[in-house]
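**Student:** Could you work out the structure for the sequence below:
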Amino acid sequence: MESESGREHTVPAGLLLQVIELSKHWAVTPEELLRGSGLDAAEIAEPQARLALATYLAVIGRARTLTGEPGLGICWGLRMRISAYGYLGFAAMSAPTLRGALDLVVQFTPLVSTATGLRVDVDGDTTVITLLENADFGAVRDVVVLARLTGLWRIAQVVTGRDLEASSEVAFPEPRYHTRFAHMIPRIRFGQAQTRAFVKTSALDTPLVMADSAALDLARKQCELQLDALSSGGRLVRSVRRLLWDQEGGVRSPREVAKAVHMSPRTLRRKLALHGSSLSSLLGAERRDRAVSLLRSSELSIEEMSELLGYGSVQNFTRAFRQWTGETPAAFRRSIAGQTRDPKMARTG
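**Tutor:** Okay, the predicted model is just below:
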């Protein structure tokens with residue numbers, strides 16, 4: 001799903017590193033967890049790496065399946081570390097008060113995820129923090145939302161060094177596993193109109209144990225640079241995607257693509273990672289789109305398509321196409337041909 005500006009929703013890779021560490025408690029290895037995702041632990045350990053939302057959600061779903069823990073979101077939130085948020089976490093922990101930290105999180109919330117937002121409203125003695133969902137989190141919505149709520153509460157306790165009274169409302173029904181964790185987290189009312197957290201307004205003036213004005217200035221500037229980079233990331237991704245093919249229809253090498261955008265291969269790789277993308281994922285998307293187009297509109301054989309798209313063999317092309325669509329190229333072509341012959345299907349397609 002894309003954001004209003006046309007960019008794909010992304011999240012910091014550091015959040016997924018926490019899921020990897022958490023899954024080890026159930027003897028799930030990083031390799032097992034990331035299998036099939038196209039990721040490896042070294043890639044997502046890059047300090048400024050970001051992930052596409054769909055990839056992030058798929059790994060979370062796999063983590064819940066492999067660990068067998070339905071309440072993975074609450075477990076994750078209870079172990080949430082502010083370092084997972086990079087420079088934003090550094091800035092927040094360096095703020096003078098909890099209010100200052102919250103203001104920073106709201107201002108730079110796209111660095112946490114463009115798929116969610118935060119709105120803060122002060123209503124007398126109570127401050128309401130509303131979680132805005134800008135994307136469909138599918139089957140792992142409860143994991144994402146409860147991890148965020150529990151994590152914010154847990155981090156607030158760490159940075160203030162005090163117990164923080166809070167409660168929340170959640171916009172989905174109560175999951176069965178909640179009763180196992182209810183005594184460990186603030187009170188939650190389920191099935192409400194919005195997802196919101198409530199804290200005493202006076203608590204926002206609580207000083208932070210690691211307040212540091214110099215560190216705050218440094219981290220804030222880095223957050224501003226990252227936010228600027230995010231806003232321009234869509235243009236880079238679109239440019240790179242157009243440059244993946246040469247004039248003869250062949251695949252350009254990473255060095256050739258980097259040269260075309262006036263960067264070194266390492267810099268290009270880092271900048272794409274910042275926007276939740278990579279040359280391999282962009283090439284895969286281009287190959288998918290071209291394969292579908294060729295199967296719909298050309299007389300080329302599967303063997304000819306495989307060679308044209310840069311696959312070493314028909315088997316590799318077939319395997320990739322099945323991962324994209326759930327069908328083989330031949331089956332996809334037959335289904336298109338059947339729809340064209342059947343007038344009823346043509347009208348409803």
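
**Student:** now for the helix or strand containing Leu152, which elements pack on it?
**Tutor:** Per DSSP states H and E: Leu152 is located in helix 141-160. On a contact count with 3 or more CB pairs under 8 Å, 6 or more residues apart in numbering; DSSP states H and E, helix 141-160 meets helix 53-67, helix 72-78, helix 86-94, helix 98-107, strand 126-133, strand 166-169, strand 195-200. Yep, even glycine has a C-beta here, placed from its N, CA and C like the rest.

**Student:** Does the fifth one pack against any helices or strands, and if so which?
**Tutor:** Taking 3+ CB pairs under 8 Å, 6+ apart as contact, the helices and strands that strand 126-133 lies on are strand 116-123, helix 141-160, strand 195-200.

**Student:** Looking at the first one now, give me its mean pLDDT.
**Tutor:** Pointing back at strand 116-123 there. The average pLDDT for strand 116-123 rounds to 90.

**Student:** coming back round to it: nearest to Thr10, out of the helices and strands packed on helix 141-160?
**Tutor:** helix 53-67 (6.4 Å; CB to CB).

**Student:** okay, the angle between the closest one and helix 141-160?
**Tutor:** Computed with axes from the mean of the first three to the mean of the last three CA atoms, to 10 degrees, the direction of helix 53-67 lies at 90 degrees from that of helix 141-160.

**Student:** And helix 53-67, how far out from the chain middle?
**Tutor:** 11 Å (CA atoms, centre = their mean, to the nearest Å).

**Student:** can you check stretch 208-224 too?
**Tutor:** 25 Å.

**Student:** What residues sit buried inside that stretch?
**Tutor:** 208, 211, 216, 219-220, 222-223 (16 or more other CB atoms under 10 Å).

**Student:** Count the neighbours of Val237 for me.
**Tutor:** By other CB atoms under 10 Å, the residues close to Val237 number 20.

**Student:** Quickly find the element holding it.
**Tutor:** With DSSP H and E as the test, Val237 turns up in helix 213-243.

**Student:** same for the next helix or strand after that helix, what does it pack against?
**Tutor:** If you walk from helix 213-243 toward the C-terminus, the next helix or strand you reach (DSSP H and E) is helix 254-260. In terms of contacts (3+ CB pairs under 8 Å, 6+ apart), helix 254-260 is packed against helix 213-243, helix 265-274.

**Student:** ok, so what distance separates Thr328 from Gly68?
**Tutor:** Distance, Thr328 to Gly68, using CB to CB, to the nearest Å: 33 Å.

**Student:** for the spatially closest residue to Ser280 that is not a sequence neighbour, what are its contacts?
**Tutor:** Closest residue to Ser280 apart from its sequence neighbours, by CB to CB, 6 or more residues apart in numbering: Gly38 at 6.9 Å. Going by CB atoms under 8 Å, 6 or more residues apart in numbering, Gly38 touches 55, 280-281, 284.

**Student:** Confirm Gly38 sits in a helix?
**Tutor:** No. Counting by DSSP: H, G, I helix; E, B strand; the rest coil, Gly38 is not found in a helix; it is coil.
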